[in-house]
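*Asks:* Structure here, sequence nowhere to be found:
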């Protein structure tokens, strides 16, 4: 009996690394280990859709979103949500410290628009996976050193975690 239990434990222990390697967290187009770690941390700043921040946050934000019929945006989302039942919203950010490529990472399925200088910011890359728990998508955008609005739409739940930072 003891030998059987040890064999089962040994088999399980050998499968754990294989199971961990099967999730898609290491298969994004660029590393997201930093974002995964901060998204998992309990001390995230929460704010309501429509908030205006006075500084670019150092850590992740939890944005409480509105149902589709109540969500407001600086400009209409560029993409129509796939579902009729979705949430969305926006947050206003101050001017960035300098122009460059910035990365916005999302915890869940969503469409993202960044509105800056009265137009949609240009995406220079994106990566997404449906098989990485806690991180769904990351988008890189070419942004000016100017204020901007971050819009999310098509979100299935009423909140989403985001992180913003210079691309590395």
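*Replies:* Sure, I can see it. All figures in this text were calculated on a predicted structure; none of them were measured in a lab. Numbering: from 1, shown residues only.
*Asks:* how close does residue 63 get to residue 157?
*Replies:* To residue 157, residue 63 is 11 Å away according to Cβ to Cβ, to the nearest Å. In this view, the C-beta of every residue, glycine as well, is placed from N, C-alpha and C.
*Asks:* Settle it for me: which of the two has more neighbours?
*Replies:* Using other Cβ atoms under 10 Å as the criterion, residue 63 and residue 157 rank with residue 63 on top: 27 against 12.
*Asks:* Look up how far residue 144 lies from the closest residue in space to the more buried one that isn't next to it in sequence.
*Replies:* Excluding the flanking residues, the one nearest residue 63 by Cβ to Cβ, 6 or more residues apart in numbering is residue 160, at 5.6 Å. For residue 160, the distance to residue 144 equals 24 Å [Cβ to Cβ].
*Asks:* Equivalent analysis for residue 49, please.
*Replies:* When distance is defined by Cβ to Cβ, residue 49 is 24 Å away from residue 144.
*Asks:* Those two - which one has more neighbours?
*Replies:* More crowded of residue 49 and residue 144, by other Cβ under 10 Å: residue 49, with 22 against 14.
*Asks:* now the end-to-end length of stretch 24-40.
*Replies:* Using Cα to Cα, to the nearest Å, the end-to-end distance of stretch 24-40 comes out at 16 Å.
*Asks:* Likewise for stretch 133-140?
*Replies:* End-to-end distance for stretch 133-140: 21 Å, by Cα to Cα.
*Asks:* same check, this time on stretch 124-134
*Replies:* Criterion Cα to Cα; first-to-last residue distance in stretch 124-134 is 23 Å.
*Asks:* quick one, what contacts the residue nearest to residue 63?
*Replies:* 62-63, 65, 106-108, 110, 152 (Cβ atoms under 8 Å, 6 or more residues apart in numbering).
*Asks:* List only buried entries from the residues you listed.
*Replies:* Neighbour counting by 16 or more other Cβ atoms under 10 Å classes 63, 65, 106-108, 110, 152 among these as buried.
*Asks:* Okay, the residue nearest the centre of the chain and residue 79: tell me how far apart.
*Replies:* Taking Cα atoms, centre = their mean, the centroid of the chain lies closest to residue 106, which sits 0.7 Å from it. Residue 106 sits at a distance of 14 Å from residue 79 (criterion: Cβ to Cβ).
*Asks:* Could you do residue 167 as well?
*Replies:* Separation of residue 167 from residue 79 (Cβ to Cβ) stands at 22 Å.
*Asks:* More neighbours: the two, which one.
*Replies:* Set side by side, residue 167 and residue 79 show more neighbours around residue 167, with 15 against 11, by other Cβ under 10 Å.
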